[in-house]
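Undergrad: A predicted structure for the sequence below; I have some questions about it.
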Amino acid sequence: MPDELPPLRVPVTRTLIVAGALASRDFQDVHHDPDAARAKGSPDIFMNILTTNGLVGRYVTDHLGPRARLRRVAIRLGVPSHPGDTLTLTGTVTALDAGTVEVRVTGDNSLGRHVTGTVTAVLLPEDHEGAAS
């Protein structure tokens, strides 16, 4: 397993922002109403933390494969992600011990650092029920 994960570039669309907010039952108007977001000081709607959390988890499991099970995702948000931007996730394996993997993840957009975090996953044995063969 390489120490550096290849980057994942995610287009930040209005649909992604609104769908992520709805899927996580986050009905705050700043995630779907541009006028409300502007009235609260933002230039446009912005992605919520749960959508970012899901993208970070997806990034790690996409690279670790179908045997990976997330055990901990700890993130901190920085600058917002607005429609029309691209979120680029990068990661580094910081620990690998007895089937447990720790990955340090960062995500940047045109405004700067959107997210930093650490993801801990376990890799199930090859013969585990439900794992790919």
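TA: On my side now, so go ahead.

Undergrad: residues touching Glu4, list them.
TA: For Glu4, the contacting residues are Thr90, Gly91, Thr92, Val93, by Cβ atoms under 8 Å, 6 or more residues apart in numbering. (Each C-beta comes from the backbone N, C-alpha and C, glycine too.)

Undergrad: Show the buried residues in the residues you listed.
TA: For the contacts of Glu4, a burial check counting by 16 or more other Cβ atoms under 10 Å picks out Gly91, Val93.

Undergrad: Of the contacts of Glu4, which belong to strands?
TA: Judged by DSSP state E, strands contain the following of the contacts of Glu4: Thr90, Gly91, Thr92, Val93.

Undergrad: I'd like the residues you listed laid out as JSON lines, including pLDDT.
TA: Formatted as JSON lines, the ones in strands among the contacts of Glu4 follow (pLDDT from 0 to 100):
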{"residue": "Thr90", "pLDDT": "98"}
{"residue": "Gly91", "pLDDT": "98"}
{"residue": "Thr92", "pLDDT": "97"}
{"residue": "Val93", "pLDDT": "96"}
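
Undergrad: Would you mind putting those into CSV with distance to Arg76 alongside?
TA: Below are the ones in strands among the contacts of Glu4 laid out as CSV (distance: Cβ to Cβ, whole Å):
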residue, distance to Arg76
Thr90, 16
Gly91, 15
Thr92, 16
Val93, 20
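
Undergrad: Which member of those is positioned nearest Arg67?
TA: The shortest gap between Arg67 and any of the ones in strands among the contacts of Glu4 belongs to Val93, at 15.4 Å (Cβ to Cβ).
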